[in-house]
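Peer 1: Only the shape, not the letters, is given here:
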């Protein structure tokens, strides 16, 4: 089932590089949807309307990623989903404050940008945006609380959520790199197999000529 979802929008005629990028994009969307689902109960329990809007926004962006890939609009999917990621984490940090640790996901977006895009200008722009956004948020939100003013009794929950976000950051980064490594290994094995087949055919041709 997971493999089928990861391959949404993948065409056998595509080169391996594009196939890998589509699968990575789909993997990020899957992880995002699972993460969003885990925060829904807390959002409902604390009646966080602004949080509900943000979660809905990123849910739509994640689903749109699959829709665009299905319709073969892959580059558009990469741009829109990456942009939505920046919008979400910037506004989420402003909403929940630096204690949420959500601004650290801008570093993950840097890594994703390098892997997904080929255009050097696009990569530089997104990385610059990530760096500027990260330090701007850190400077602007230093010593301030987020737009959502939670009651004092929920302070412990805020700390726990901040730690959970850090845990998710490590898990998502690890999953991303493991998946990327496996994709590269799979591609390398396929190249080696094709090389062996070509060499075998060349031997047969040489033998027949001889």
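Peer 2: Thanks, I have it. Computed from a predicted model, the values in this text were never measured in an experiment.
Peer 1: Now residue 146: which helix or strand?
Peer 2: Using DSSP states H and E, residue 146 sits within no helix or strand.
Peer 1: residues contacting the nearest residue in space to it that is not next to it in sequence?
Peer 2: Spatial nearest neighbour of residue 146, chain neighbours left out: residue 97 (3.5 Å); criterion: Cβ to Cβ, 6 or more residues apart in numbering. The C-beta positions use only the backbone N, C-alpha and C, and glycine is treated the same way. Contact analysis of residue 97 by Cβ atoms under 8 Å, 6 or more residues apart in numbering lists 141, 144-146, 158.
Peer 1: Pull the residues that contact the host helix or strand of residue 136.
Peer 2: Secondary structure from DSSP H and E places residue 136 in helix 120-141. Helix 120-141 is contacted from outside by 82, 86, 90, 93-94, 97-98, 103, 106-107, 109-110, 113-114, 117, using Cβ under 8 Å, 6+ apart.
Peer 1: Save the contacts of residue 97 as TSV, and put in pLDDT too.
Peer 2: Converted to TSV, the contacts of residue 97 look like this (pLDDT from 0 to 100):
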residue	pLDDT
141	88
144	80
145	77
146	76
158	65
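Peer 1: Out of those residues, the closest to residue 8 would be?
Peer 2: Taking Cβ to Cβ as the measure, residue 8 sits nearest to residue 146 out of these, at 34.7 Å.
Peer 1: what about that closest one, how many neighbours?
Peer 2: By the criterion of other Cβ atoms under 10 Å, residue 146 has 20 neighbours.
Peer 1: same deal with residue 119?
Peer 2: Residue 119 - counted by other Cβ under 10 Å - has 9 other residues nearby.
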